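**Q** take this sequence and fold it.
(chains A and B, ligands or ions: 3)
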Amino acid sequence: MAQAFTKAMARNIFYGGTGFFFLVLLALTFQTHQEWPELDNRQAINDVVTLGKQVWEDNNCVGCHSLLGEGAYFAPELGNVYLRFGESTDAIKGFIASRPAEGIPGRRSMPQFNLSEEELTAIAEFLKYVAGINTAGWPPNIKG
Amino acid sequence: MKYESQKVAKLYFIAAIGLFVGQILFGLIMGMQYVVGDFLFPEIPFNVARMVHTNLLIVWLLFGFMGASYYLVPEEAETELFAPWLAYLMFWIFLAAGAATVLAYLLVPYATLAEVTMNHLLPTMGREFLEQPTITKIGIVIVVLAFLFNIGMTILKGRKTVVSLVLLMGLTGLAVFFLFAFYNPTNLVMDKYYWWWVVHMWVEGVWELILGAILAFILIKTTGVDREVIEKWLYIIIAMTLITGIIGMGHHYYWIGTPEFWQWWGSIFSALEPIPFFMMTVYAFNMVNRRRRNHPNKVAVLWALGTAVMAFLGAGVWGFLHTLAPVNYYTHGTQITAAHGHMAFYGAYVMIVLGMISYSMPLMRGRELCNSARSQTIEMWSFWLMTVSMVFITLFLTAAGILQVYLQRFSDNPMDFMVVQDKIALFYWLREITGLIFLIGLIVYIASFFVGQDEPEATVEPLK
Ligand code: HEM
Ligand code: HEM
Ligand SMILES: [Fe+2]
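**A** Residues are numbered from 1 along each chain as shown, chains lettered A, B, ... in the order given. Ligands and ions are numbered 1, 2, ... in the order given. Now for the predicted structure:
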């Protein structure tokens, strides 16, 4: 690097640039919070959905599935599963409840979580809530 | 080695390597489950193996960063570590907490673990990479704070160099951004938004400061290039890292219920994120070419150059591949993501930790400058075995990912997820076989610590 470019200048770019862009991040974050009520389907959140998210987390569903494209890639995307299952929470509940405990020979299989009826309803309602989030048109098609 | 207390690093490095082995074993279990779906089912379900794989990765890298800091900071500060006893105490606490958590993952159902650790009081579990029980997370905070205190006090009482300052900033950032792990609202969009303040801010932000500082230290030691030159490069690289990487976080805000302006901000800034990685490669080679001495620890220099190249490939090239919003629309959450995640983590963080171990371990084991020629040759073999396998793992996952995107998301007759998985199984087999070679590389790496111990140190021709 040219001699005219000193270490002090490099240091100032580091501190100045970092500080500036962190402030930009805060501004964009503020703007994001402003726009969220229109996007994040918060009106659908209730006690059942809250319990559903807890069931989702307590069973580490994200360890196999992705949700809005984040998580693991071993099992199907679930952000739109409510739509894929014909907008039926019963279909979701039925699927989860009927997983064989010993798996399926030679194939990937979802564990049997032995959820209660209340938990099954909650997880299905949670997935219905997620399907209502405005994701800018993602995923490209119903397959997720 | 100039200061007795630098030796605490040895324990940290040994633990790091041990946990690394565990990480790879569980990676291989998962790789098998990708092709033989009922492998170890229901004893070790995929999600359990995945938690063990990724959490061991994070924990061993943290052990590595801590060990590197305990070695580097006293030498830079030209003083003994502030409190070696604290470093030993925290080591055992961290190891015990880490081992207990991993054992709990394996021995009890995750839901039971959530229940007995009272996750409902402060729910933080069940999110990718942040699966640890809340109590473990609190333990991590305590260990990291004690570590930061120790490192900070050492720097305060001694010489303050740019290298140790940048390292300290990186480590402080690591602690600060981890606190977002405790924020978990029911609103999934907000949960995801701030989840990235841990994950993205770590790997594309503050960890790069840690990487830069350790790399600078190794280059100063092995090339003898003037510190002023290296420090100027270090500042400019980390400046570019944060200038691009902070807003670059927008590349995770395209499709999760966040406003669409992020597609512009995220695409533009994250497209610039490869720049600092490219600069790091240029700089590492430049410094080695302009070296004022030939250092006999050739394998440490190999790791240093290797990390610069592989971080650029994994983070820079493979990151750029899927970072623009119109591309990410199709690749989001596919094997392309996994391909990038593997090479980036390996290139940037695995290799820098192994490089630091390579430089410092011989000195902590009583060598003057380096290991014997035979030990170094074996270690070089392990370097190439692991690095080349990681390149191929990445290539096979990329091939799987391209097919997956085409069959499931792009073609006129998109297929179901599981149907596609069957069709691309060949590439998962190839990944698994390559993973076995990676494991062999790791075994060779460990063997390099035990061979040639009674032989004299390697020597080099002095520079003309
Ligand atoms: C060498 C043998 C390895 C195998 C067979 C392997 C296999 C896997 C598998 C199957 C997954 C889960 C992907 C999914 O969610 O469906 C995974 C995730 C992951 N592995 Fe590995 N792995 C190996 C080595 C490594 C190494 C050396 C690293 C670090 C450098 C690493 C870092 C990761 C990370 C960061 C993830 C999470 C990726 C993401 O969320 O996109 N793995 N690995
Ligand atoms: C050493 C630095 C980096 C590491 C360790 C790293 C690692 C990772 C990992 C593990 C993921 C998967 C996260 C998840 O599980 O959801 C990821 C995602 C991603 N990374 Fe990186 N990364 C690095 C740098 C970069 C850079 C420099 C870029 C851009 C140029 C980039 C672009 C992306 C994108 C776009 C995604 C999201 C993929 C998706 O939509 O599924 N990364 N990264
Ligand atoms: Fe990122």
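**Q** the longest helix along chain A and chain B in contact?
**A** The residue-count maximum for a helix in chain A (DSSP state H) belongs to helix A:7-39. Yes - applying Cβ under 8 Å from any Cβ of the partner chain, one finds helix A:7-39 touching chain B at A:7, A:10-11, A:13-14, A:17-18, A:21-22, A:24-25, A:28-29, A:31-32, A:35-36, A:39. Just so you know, the C-beta spots here come from the backbone N, C-alpha and C atoms, and that holds for glycine as well.
**Q** tally of neighbours for B:Leu463?
**A** Residues near B:Leu463, counting by other Cβ atoms under 10 Å in any protein chain shown, number 10.
**Q** setting aside sequence neighbours, what's the nearest residue to it?
**A** Once flanking residues are discounted, B:Leu463 sits nearest to B:Asn294: 5.0 Å by Cβ to Cβ, 6 or more residues apart in numbering or on different chains.
**Q** ok now do the closest residue in space to A:Arg11 that isn't next to it in sequence, which residues does it touch?
**A** Excluding its sequence neighbours, the residue lying closest to A:Arg11 (Cβ to Cβ, 6+ apart) is B:Tyr235, at 5.0 Å. Taking Cβ atoms under 8 Å, 6 or more residues apart in numbering or on different chains, we find B:Tyr235 in contact with A:Lys7, A:Ala10, A:Arg11, A:Ile13, A:Phe14, B:Val162, B:Val166.
**Q** looking at the helix or strand where B:Ile443 lies now, give me its mean pLDDT.
**A** Following DSSP states H and E, one finds B:Ile443 within helix B:425-447. For helix B:425-447, the mean pLDDT works out to 98.
**Q** buried ones in that helix?
**A** If you call a residue buried by 16 or more other Cβ atoms under 10 Å in any protein chain shown, then helix B:425-447 has these buried ones: B:427-428, B:430-432, B:434-435, B:437-439, B:441-442, B:444-445.
**Q** which stretches of chain A form strands?
**A** A:66-67, A:70-71 (DSSP state E).
**Q** ignoring the adjacent residues along the chain, who's closest to the residue nearest the centre of chain B?
**A** Nearest to the mean C-alpha position of chain B, counting by Cα atoms, centre = their mean, stands B:Tyr349 at 3.2 Å. Sequence neighbours aside, B:Leu61 is the residue nearest to B:Tyr349 in space, at 5.2 Å (criterion: Cβ to Cβ, 6+ apart).
**Q** does any part of the helix or strand that contains the one you found sit near ligand 1?
**A** Using DSSP H and E, B:Leu61 falls within helix B:46-77. Yes - using Cβ under 6 Å from any ligand atom, helix B:46-77 reaches ligand 1 at B:Arg50, B:His53, B:Thr54, B:Leu57.
**Q** what sits against the residue of chain A found nearest ligand 1?
**A** Closest residue of chain A to ligand 1, Cβ to the nearest ligand atom: A:Ala72 (3.3 Å). Neighbour list for A:Ala72: A:Val62, A:Gly63, A:Cys64, A:His65, A:Ser66, B:Phe46, B:Asn47, B:Arg50, B:Glu128 [criterion: Cβ under 8 Å, 6+ apart].
**Q** for B:Met125, same thing?
**A** For B:Met125, the contact set (Cβ under 8 Å, 6+ apart) comprises A:Glu57, A:Asp58, A:Asn60, B:Tyr110, B:Leu113, B:Ala114, B:Thr117, B:Asn119, B:Glu131, B:Gln132, B:Pro133, B:Thr134.
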